[in-house]
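What follows is a predicted structure for the sequence shown.
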Amino acid sequence: MKNKKSLVWFRNNLRLADNEALYEASSNSEQLIMVYILDARHWQESPIKLRTSSDKKLTFLWDSIMALKKSVEAKGGSLLLKKGNTEEVIAELFDEYNFDAVYTTIESGVYEERELENVENYLIKKGVSTYTFAETTLYHPDDIPWPINKLPAVFTQFRKENEKQTPIRALINAPEDLSHAVGEKLTYKPHDFNISIDYPPEKSVLNFKGGEQEALNRLNYYFWETDLVQTYKKTRNGLLGGDYSAKFSPYLALGCISPRTIYFELKKYEKERKSNQSTYWIFFELAWRDYFHFIMKKHGNQLFSAQGIKEEGYEWSHSEKDFQKWSEGKTGVPFVDANMRELNETGFMSNRGRQNVASFLTHDLNIDWRWGAWYFERQLLDYDVASNWGNWAYVAGVGNDPRENRYFNILSQAKKYDPKGEYIKYWLPSLSGIEGFNAHKVGLLNGEIRETHKEIDAVFFEPMIDMKKWDY
Ligand SMILES: Cc1cc2nc3c(=O)[nH]c(=O)nc-3n(C[C@H](O)[C@H](O)[C@H](O)COP(=O)(O)OP(=O)(O)OC[C@H]3O[C@@H](n4cnc5c(N)ncnc54)[C@H](O)[C@@H]3O)c2cc1C
């Protein structure tokens, strides 16, 4: 028997296709109320005394919600948008609509889990059933060959076992008709939700714009239009431009696209056009993403503690002054500063950049890795709780796979990935007059350069740390 009225509570699944919660709700209910809730937490201060989410991050989210609203309306339905404490908003919606079921997703992250738990507890008291769906990962959590507490501590084992035996579930079609999704078709303005629209500038690697169609366009571009996927393994450590990597991450973070959609498109591409190490590597990276999501489920709160999932504690520094220099891109180490300025100006940074700035913060400045993770949470368009906190813990040496030393020698990294200094000069134009790789080591050059190059930002003559320690 169908539910009379169901609430579809969208979380990080802002799409119509391959959306099990939506599909099930739509098929099993006479009427739907659909909602996205802009949780008040975005506007609260995180422990680093900054608002949790930047305007750029919220702009990407806003566009993704508006795109979803448009697609829902195109199928005859309507999507409500609310702002506030999620648990309270759901209670208000219940008072207003008196639904008998709720359909939503299971998200990674302790806050997200608690939020769902609180909502479920409230709904039980009201006699409302909650149906939850795990849609975040490529492998369904029920299909992996370990109970979550036995998840391998090393990624390679996770990947190999899954490759051998774990099926990837088939895609779920978008509902054909949503005219049973009732409610007023309102026009929403970002300003009314305390969102100041702030797009990445032209200089950004990509003109990131949220939404399901944008995600599909990017997929099509990277696979079919340009065949860039065929060279991904060679280019993925790049720093400049849109093409060196797939740039799927912001779309995956909000669920504008599902990892399964990418996977099945990849399989189709491999069958119809070409299969090589590079095409496989996209799958490999999606498996990493999955691994971080499962690691987060396994370790929960521990992954947000200073010692991470390690037994012994570290003596982290809490120097606000040093942290500020790092976050503003004013450490005097050009490779670190260029990456941080790119992040601040655009909301994106390459994977190579993320590893370097995270290593610099945690190993060179010895600052509490969680400060870096909170800062990234605020800035990144692609902020994803598991990928962010998992990668930070990993680089800081307090996460999974502790065998590897995650220290990055910044100058040797710069030599390898930006040998001519093109990347740093793009973000730090005051270094443009310095020939090639020398721009990376202004802090090591003799005083003469200060006289001949007055245009150079003084910060690069006095780096925060002694750059002599890095052989390159
Ligand atoms: C300190 C630190 C913080 C990070 N924070 C985030 C975050 O908040 N959100 C996020 O999505 N990624 C995060 N990453 C992982 C990675 O940097 C980004 O996923 C990647 O740079 C996104 O660009 P892309 O989509 O072009 O990636 P591509 O290289 O094209 O990879 C394809 C997809 O694989 C996945 N992927 C690739 N590398 C990783 C990785 N190391 N961990 C998890 N998934 C990966 C992503 O979903 C990505 O979209 C972080 C990495 C570090 C070192």
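Nice, thanks for sending it over.

you'd agree residue 263 is in a helix?
Yes: with DSSP: H, G, I helix; E, B strand; the rest coil as the criterion, residue 263 is assigned to a helix.

which residues sit in contact with it?
Under the criterion of C-beta atoms under 8 Å, 6 or more residues apart in numbering, the contact list for residue 263 reads 138, 168, 283, 286. Bear in mind the C-beta positions are built from the backbone N, C-alpha and C, glycine included.

Of those residues - the most surrounded one?
When neighbours are taken as other C-beta atoms under 10 Å, the top entry among these is residue 286 (21 neighbours).

where's residue 9, which helix or strand?
Using DSSP states H and E, residue 9 falls within strand 3-10.

tell me what the helix or strand following that strand is packed against?
As assigned by DSSP H and E, the chain's next helix or strand after strand 3-10 is helix 20-27. Counting contacts by 3 or more C-beta pairs under 8 Å, 6 or more residues apart in numbering; DSSP states H and E, helix 20-27 packs against strand 3-10, strand 101-105, strand 129-133.

Tabulate the ones you listed (CSV), appending distance to the ligand and mean pLDDT.
What follows is those, written out as CSV (distance: least, C-beta to the nearest ligand atom, whole Å; pLDDT from 0 to 100):
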stretch, distance to the ligand, mean pLDDT
strand 3-10, 19, 96
strand 101-105, 17, 98
strand 129-133, 20, 97
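
now those as a markdown table including mean neighbour count?
Formatted as a markdown table, the entries for the helices and strands packed on helix 20-27 read as follows, by neighbours: other C-beta atoms under 10 Å:
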| stretch | mean neighbour count |
| --- | --- |
| strand 3-10 | 23 |
| strand 101-105 | 24 |
| strand 129-133 | 16 |
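
if I look at residue 40, how far off is residue 89?
Residue 40 sits 9 Å away from residue 89 when distances are taken as C-beta to C-beta, to the nearest Å.

ditto for residue 67
From residue 67 over to residue 89 (counting by C-beta to C-beta), the distance is 21 Å.

Distance to residue 358 for the helices and strands packed on helix 20-27 - can I get that in TSV?
TSV is the format used below for the helices and strands packed on helix 20-27 (distance: least, C-beta to C-beta, whole Å):
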stretch	distance to residue 358
strand 3-10	31
strand 101-105	28
strand 129-133	32
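
Compare those and give me the one nearest residue 236.
When the helices and strands packed on helix 20-27 are ranked by proximity to residue 236, the top entry is strand 101-105, at 28.8 Å, counting by C-beta to C-beta.

Just the buried positions in the following helix or strand past that closest one, please.
Note on strand 101-105: by DSSP H and E, the next helix or strand toward the C-terminus is helix 110-125. Across helix 110-125, burial judged by 16 or more other C-beta atoms under 10 Å covers 110, 112, 113, 115, 116, 119, 120, 122, 123.

The strand ranked longest in the chain vs strand 3-10, what angle?
Secondary structure of the chain read by DSSP state E shows that its longest strand is strand 29-39. What separates the directions of strand 29-39 and strand 3-10 is an angle of 30 degrees, with axes from the mean of the first three to the mean of the last three C-alpha atoms, to 10 degrees.

could you check the angle strand 29-39 makes with the very next helix or strand once past strand 29-39?
Scanning forward in sequence from strand 29-39, with DSSP H and E defining helices and strands, the next element found is helix 55-74. Going by the same axes, to 10 degrees, helix 55-74 is angled at 170 degrees with respect to strand 29-39.

Within its sheet, name the partner strands of the helix or strand that helix 55-74 is followed by and how each one runs.
Past helix 55-74, further along toward the C-terminus, the next helix or strand under DSSP H and E is strand 80-84. Paired with strand 80-84 in the same sheet, following DSSP bridges, are strand 29-39 (parallel).

Could you list the buried residues of the strand it pairs with?
With burial defined by 16+ other C-beta under 10 Å, the residues of strand 29-39 counted as buried are 29, 31, 32, 33, 34, 35, 36, 37, 38, 39.

Could you save these as CSV and add columns showing pLDDT?
Formatted as CSV, these follow (pLDDT from 0 to 100):
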residue, pLDDT
29, 97
31, 97
32, 98
33, 97
34, 98
35, 98
36, 98
37, 98
38, 98
39, 97
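
quick revisit: right, and the helices and strands packed on helix 20-27 - which one's nearest residue 466?
With C-beta to C-beta as the yardstick, what comes closest out of the helices and strands packed on helix 20-27 is strand 101-105 (48.3 Å).

Who are the packing partners of that closest one?
Packed against strand 101-105 by the contact rule (3+ C-beta pairs under 8 Å, 6+ apart) you find strand 3-10, helix 20-27, helix 110-125, strand 129-133.

repeat that for 7 Å
Here strand 101-105 touches strand 3-10, helix 20-27, strand 129-133, going by 3 or more C-beta pairs under 7 Å, 6 or more residues apart in numbering; DSSP states H and E.

for the helices and strands packed on helix 20-27, which one sits closest to residue 341?
Counting by C-beta to C-beta, residue 341 lies closest to strand 3-10 out of those; the figure is 33.7 Å.

so where's the stretch 101-250 of the chain shaky on pLDDT?
Scanning the stretch 101-250 of the chain for pLDDT under 70 picks out no residues.

what residues does it put near the ligand?
Residues of the stretch 101-250 of the chain found near the ligand, taking C-beta under 6 Å from any ligand atom as the criterion, are 236, 245, 246, 247, 248, 249.

Just give me the longest helix of this structure.
The single longest helix within the chain, with elements called by DSSP state H, is helix 277-299.

Quick one: work out the angle between that one and helix 110-125.
If you take the same axes, to 10 degrees, helix 277-299 sits at 60 degrees to helix 110-125.

For the helix or strand just after helix 277-299, list every residue counted as buried.
Counting by DSSP H and E, the element after helix 277-299 in chain order, helix or strand, is helix 320-328. The neighbour-count check on helix 320-328 (16+ other C-beta under 10 Å) flags 322, 323, 325, 326, 327 as buried.

Over to stretch 304-318?
Along stretch 304-318, these residues count as buried under the neighbour rule (16+ other C-beta under 10 Å): 304, 308, 309, 310, 314, 316.

can you check stretch 364-379 too?
So stretch 364-379, judged by 16+ other C-beta under 10 Å, has buried residues 364-365, 367-379.

Repeat that for stretch 442-457.
Counting neighbours by 16+ other C-beta under 10 Å, the buried set in stretch 442-457 is 442, 443, 453, 456.

Provide the secondary structure category for the closest residue to the third one other than its chain neighbours.
If you skip the residues right next to it in sequence, residue 453 has residue 433 as its closest partner in space, 5.6 Å away by C-beta to C-beta, 6 or more residues apart in numbering. On the three-state scheme (three-state DSSP), residue 433 is labelled coil.
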